[in-house]
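Q: what follows is a predicted protein model with its sequence.
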Amino acid sequence: MSQKDWMEKDYYKILGVPKDAKPEQIKKAFRKIARENHPDQHPGDKKAEQRFKEASEAHDVLSDPSKRAEYDEQRSLFGSGGFRFQRPGPGPSASGGMGGENVFRTNVGDAGLGDLLGNLFGQAGGTSSARRTQTRSPRRGADIEGEVTIGFNQAVEGATVGVQMVSEEACQACHGTGAKAGTSPRVCPTCQGSGVQQASAGGLFQMTEPCSECHGRGLIVDDPCEVCHGSGRAQSRRTMQVRIPEGVSDGQKIRIKGKGSPGENGGPNGDLYVIVHVRPHPIFGRNGDNITVTVPVTFTEAALGAEIEVPTLGGGSVKLRVPAGTPNGRTFRVRGRGVAKGNGQKGDLLATIEVQVPPMLNDEAQQALRTFTDVAHQSNPRADLLASNR
C-alpha cells in the first residue's frame, strides 16, 4: 500500500466506524460488510467483490494495533493540512519572517515529529516506525466473542457447555498463504520481504511507508486462492466446549486465554470472551451471592408461629421456624445455601414470608374471625396513619 493510497483511502469511512472506534466495533462492522458482500454470496458481482476487498484491506490495517497506529500517523502527517514542504526563498516569508525560517510545517504529534527528525539527522534509537518494522514481526491473533445461554442451576453450580463461534482464521484451502493450491507466494523484490520502503520528501529526509508492491505483507501472491481471494484468512464456524465457573452472573464475560483467532508469523493466539446469559428460574432469584425465594404461609401460621419447609436449589428443602406474629414481607436467612463466593464459602438463602389471605370464607370461618376480633381487642392499625395526616 503506497503512501498515496493510504492518504486516499479512509479505512474508517470504508467500515463506517469513527476514528476512535474500539476493536470490537471494527470487528463487528467488518463482519457485517463481509457477510453482505462476500463473493460466494454474489458470484460475478464486481461491485460486491470490490467492496469485500476494500473492507478486508481496511480490517487488516485497523485490527492490527501497530498498523493502525502507523496508518493514523501517516494520515495525520500527510493528510489535508498535515504537512507542507516549502523551499526557503531569498526574501521575507509570507508570515513576515525571513526566508528559510519556515522550511516545513506539520501538525503531527511528538511521535510523528520524531520520525521526521530521526530520518533527517539519522538519529539512532529514534521513534521511527521503520526501525520497529524492518522485518515482518509476529502478530497476535484477534480476540473472539461468543455468547451462551444457560440455566439458573448451571450458573450457580457451574457447567460445561458448547459455545458456537464465528472467527477469522487461516484459510484452510491455502493454509494462510493466500496463494492458490500448488503455488506459493514469492518474496517481494521491492522491499525484500520487509514490507516497508523508503520514500523521499523534498530531498531533505526520507520516510518509510508500507511497500507499494506487496502492500506491507512482504510477499506477493501471483495466483490468488479461490476461497479467500488472496487474503489468507477465512471465516469459520466452530463449537468449543467451555467450562462455566460456578457462581457466574447474568451478562458476565468470561475470558478463555489463547482460544481466539490464531496469530500470524508465529504470534500468539487471541483470546475468547464468552458472554453468559442466564435464564430466570420459576421459583428462585438471585441477589449477589444470595439466592432468594418467596415462601407463602397462612394467616394462622404467621399469627401463631409454625415450622415450615423451604425449598432449596437442586430439589431439597430445609426446615424454618416462623415465630408467632411474623408480619408479611419478613425475610429469614438460611446460611450457606446460596452461591459459591470463590473463597470456599457460599452465600445464603433468603426466604421472604408472604402471608396469604383466603379469597373466600364459609359462614363458620367468618364467624370465627368475628369472634377473634372481639376477644383480641385489637386497636385500629391505621390510627397513627390517620393522626399524622391531620
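A: Nice, thanks for sending it over. Numbers count the residues shown, from 1 in each chain.

Q: and residue 372, what element?
A: Element membership of residue 372, judged by DSSP states H and E, is helix 363-376.

Q: next secondary structure after that helix?
A: helix 383-388.

Q: could you pull up the mean pLDDT of that following helix?
A: For helix 383-388, mean pLDDT rounds to 85.

Q: chain center to it, what's the gap?
A: Relative to its chain's centre, helix 383-388 lies at 56 Å (C-alpha atoms, centre = their mean, to the nearest Å).

Q: likewise stretch 67-77?
A: Relative to the centre of its chain, stretch 67-77 is centred 24 Å away, using C-alpha atoms, centre = their mean.

Q: got the buried residues for that stretch?
A: 67-68, 70-77 (16 or more other C-beta atoms under 10 Å). Where you see a C-beta, it was placed from the backbone N, CA and C, and this is true even at glycine.

Q: which element follows the helix or strand that contains residue 48 toward the C-terminus?
A: Per DSSP H and E, residue 48 falls inside helix 46-62. Where DSSP H and E defines the elements, the next helix or strand beyond helix 46-62 is helix 65-78.

Q: just the C-alphas of that following helix, formatted as PDB.
A: Below are the C-alpha coordinates for helix 65-78, written out as PDB (Å, rounded to 0.1, in the frame of the first residue of the first chain):
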ATOM      1  CA  PRO A  65      -2.600  -2.000  16.700                       C
ATOM      2  CA  SER A  66       0.800  -1.300  15.100                       C
ATOM      3  CA  LYS A  67      -0.600  -1.000  11.600                       C
ATOM      4  CA  ARG A  68      -3.400   1.200  12.800                       C
ATOM      5  CA  ALA A  69      -1.000   3.500  14.700                       C
ATOM      6  CA  GLU A  70       1.200   3.800  11.700                       C
ATOM      7  CA  TYR A  71      -1.800   4.500   9.400                       C
ATOM      8  CA  ASP A  72      -3.200   7.200  11.700                       C
ATOM      9  CA  GLU A  73       0.300   8.800  12.000                       C
ATOM     10  CA  GLN A  74       0.900   8.700   8.200                       C
ATOM     11  CA  ARG A  75      -2.600  10.300   7.600                       C
ATOM     12  CA  SER A  76      -2.000  13.000  10.200                       C
ATOM     13  CA  LEU A  77       1.400  13.700   8.700                       C
ATOM     14  CA  PHE A  78       0.500  13.800   5.000                       C
END
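
Q: that one packs against which elements?
A: Packing partners of helix 65-78 (3 or more C-beta pairs under 8 Å, 6 or more residues apart in numbering; DSSP states H and E): helix 3-8, helix 46-62, helix 110-121, helix 129-132.
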